[in-house]
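Chemist: turn this into a model:
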Amino acid sequence: MQFKIIAWIVFSLCLVECSSTPVKQGPSWIHEPTRIVDNGYIVYVESAVAKDNDKATFKAEGLALSDLANECSFIPKGTRIEDRYFLDENSSGENKEKVAYVKLAVEFQECDLAQKTIQPDEIKKIASTSFTQQLKRYQDYEETGEVPSRSEVAQLEPLQEIPPAPAQQPSWNSDIHYYAVRQYVVYQKEVVVLSPPTAYAPASPESQTFVRGISPAVTQVNTAQAQNANLKTNPTPWSRLANQPRVERPHILRSEQARSLREDHHFNKYMKSPPPMQNPSPKKHGRHHRNNNSYEH
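Modeler: Below you'll find the model as predicted:
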């Protein structure tokens, strides 16, 4: 009898403890931090919610590619999608949504090489064009709210001028400014990767213009990393910055729809502005192991 009582107590305690412990669904990797380093690989895990698997996957992969590009300065050919996983956000009802998880990885050495590469012809050799096209589509989606078709990603002409890197804003600390400059470098190299095969030939005027224009920003990034090694060894993912800075994309990177929205925004803002007053009154005062289910681009 005493044994049965003890067994019943143990069973009851187990029920209480098990009911209070949340059950983790899916494979273990979807619960890992956004960025980890494992066996010489930099791994990004991102997730996104949408009405269907395709759009959720597009958004999750876009986030992961954005994170990786900000760290590596562009997306190297060795970048690979190691795994995907889907989960229902709501089990029933008309508002049921899908959650897509993606695991993206690149070798640390390849990322490091991409960071150091500033010659356009070398960038084009080691960059993943397909992933860069996908990244641009995601950037367009962020600006317009609509997923562009694959055919909308056309080859871009070389920039005639390279704008200066963003200056530090009053609301930015030195770390935020560092990530903003990294993103500026991403955009400039993105134009190179998406340019025609014959563009940016070695020693060509556009190649020289690019190197001359981007070098100060690359030096700025390297200096910041030398002063704070944690920025390089344990960076904050671009998508997880609490105060993500706004960095302007080059005009040529924007889709026609994004350009139109931007022009309409400025036009409407101008039209809604009240006429100036003649006598204005004074104003009152937000690892796992490498697996075989990989997808390379």
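
Chemist: just give me the neighbour total for the closest residue to Glu32 other than its chain neighbours.
Modeler: Excluding its sequence neighbours, the residue lying closest to Glu32 (Cβ to Cβ, 6 or more residues apart in numbering) is Val45, at 5.4 Å. (Glycine included, C-beta is placed from N, CA and C.) Using other Cβ atoms under 10 Å, Val45 has 27 other residues around it.

Chemist: is it correct that Val45 is in contact with Val102?
Modeler: Yes - checked against Cβ atoms under 8 Å, the pair Val45 and Val102 is within contact range at 7.3 Å.

Chemist: what sits in contact with each of the two?
Modeler: In terms of Cβ atoms under 8 Å, 6 or more residues apart in numbering, Val45 and Val102 are both contacted by the residues Ala64.

Chemist: what kind of secondary structure is the residue nearest to Glu32 in?
Modeler: strand (DSSP: H, G, I helix; E, B strand; the rest coil).

Chemist: partners of it in the sheet?
Modeler: The partner list for Val45 in beta bridges (DSSP bridges) reads Lys103.

Chemist: list the residues that contact it.
Modeler: 29-30, 32-36, 64, 101-104.

Chemist: wait, which of those residues is closest to Pro197?
Modeler: Nearest to Pro197 among these, counting by Cβ to Cβ, is Leu104 at 26.2 Å.

Chemist: give the contact list for that closest one.
Modeler: 43-46, 61, 64-65, 68, 79-82.

Chemist: buried subset of the residues you listed?
Modeler: By neighbour count, with 16 or more other Cβ atoms under 10 Å, the contacts of Leu104 hold 43-46, 61, 64-65, 68, 79-82 as buried.

Chemist: of all the residues you listed, which comes closest to Thr219?
Modeler: Out of the buried ones among the contacts of Leu104, the member with the shortest distance to Thr219 (by Cβ to Cβ) is Leu68, at 22.4 Å.
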